Structure formats: C-alpha cells, structure tokens
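>>> Sequence and predicted structure are below.
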Amino acid sequence: MTTVLTYGTFDLFHIGHLRLIERLAAMGDRLIVGVSTDEFNAGKGKKSVVSYDDRAAIVQAIKGVDLVLPERAWEQKRADIIEHEVDVFVMGDDWTGKFDELSDVCEVRYLPRTSGVSSTDIKEMLRTLDPVHIEEMQTALGTLTRLLEHYRDLT
C-alpha cells in the first residue's frame, strides 16, 4: 500500500485544489491531506477567508481523501510522515527544494501547480470589491467623467 501526504491551506477551494487532490489520489492507495489551521496561517502572516473547520470538512469530503490532519507547525511534517507510514510526500512546485530534507524518511516530489488559478489571485480580485475600493473607483470614474465633459466642451 502506498501512502501519499500533502499539506496546504485550501482556502477558497477552487479547480486547482481539486486537480491537485485528484493527481495525489492517483499516486497511491491512501491520501492524507494536512490542512493549515487558522493559527498556523496567522503565524505565516496569512488570513484565510474560510475557517479551518470548514476547509478541513471540504477537503475531507473530496473523493480520494482518506484522512485530514490539522497542520499546526512546519516541524510536524517529519513526525506525521513517520506516524502515518507515508511513502510519498508531495507539494506544489513553488516549494521545490524546501522539503528535500524529508527524503531520508520518504520520497519527496513537487508537482506543477494548475496555471491560471490560485486562492491569492481570487482574494486579490475580491479585494477590489470591498466598499473602500468601490468608493475609490467611483471617485476616479467621476473625475474621468468631468475631464471628458470638459474636453468635449473645448471641442
């Protein structure tokens, strides 16, 4: 039996997350997913839109996921690998080289991320919709409208 392990925040669950989990599930017989807790994310300077409990429930509901673990610290990976008898540890290729020290306890792989989609990009797009930014856009539009009217009056 081949056990695969990965970790992630899985905030604003999207097609990239789903494709990753599908690829990981196909790599072995058992898939374990560590989901970053809100407290761990805060320590990394990140804030999730969706709570840990909800993110963990979403990931656990995905076909192919056998176990979800709370990721509370960087250092827990080695202990999780040993405790759960992990054969393959997999992360996105944006982490290439960062976990090579775990290769003494299991195989370490880095997979390409799904291009064109990320939680960070979705959050940035949503940020433009907050009330302060909407007001800024309305002000800019008003200024542009006045400039165009002024230009039209000159011609």
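Right, received. Where do you want to start? Numbering: from 1, shown residues only.

>>> Any idea how far the longest helix seen in the chain is from the middle of the chain?
Across the chain, the longest stretch assigned as helix under DSSP state H is helix 131-154. Relative to the centre of its chain, helix 131-154 is centred 37 Å away, using C-alpha atoms, centre = their mean, to the nearest Å.

>>> Same question for stretch 2-9.
How far stretch 2-9 lies from its chain's middle: 13 Å, per C-alpha atoms, centre = their mean.

>>> got the CA coordinates for that stretch in CSV?
Taking Å, rounded to 0.1, in the frame of the first residue of the first chain, the C-alpha atoms of stretch 2-9 are listed here in CSV:
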residue,chain,number,x,y,z
THR,A,2,1.4,3.4,-1.0
THR,A,3,0.5,6.4,1.3
VAL,A,4,0.7,9.9,-0.1
LEU,A,5,0.8,13.1,2.1
THR,A,6,0.5,16.7,1.2
TYR,A,7,-0.2,20.0,3.1
GLY,A,8,-2.0,23.2,2.2
THR,A,9,-4.3,25.9,3.3
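
>>> average pLDDT across that stretch?
The average pLDDT within stretch 2-9 is 96.

>>> buried sites along that stretch?
By 16 or more other C-beta atoms under 10 Å, the buried positions in stretch 2-9 come out as 3, 4, 5, 6, 7, 8, 9. Where C-beta positions appear, they are placed from N, C-alpha and C, glycine not excepted.
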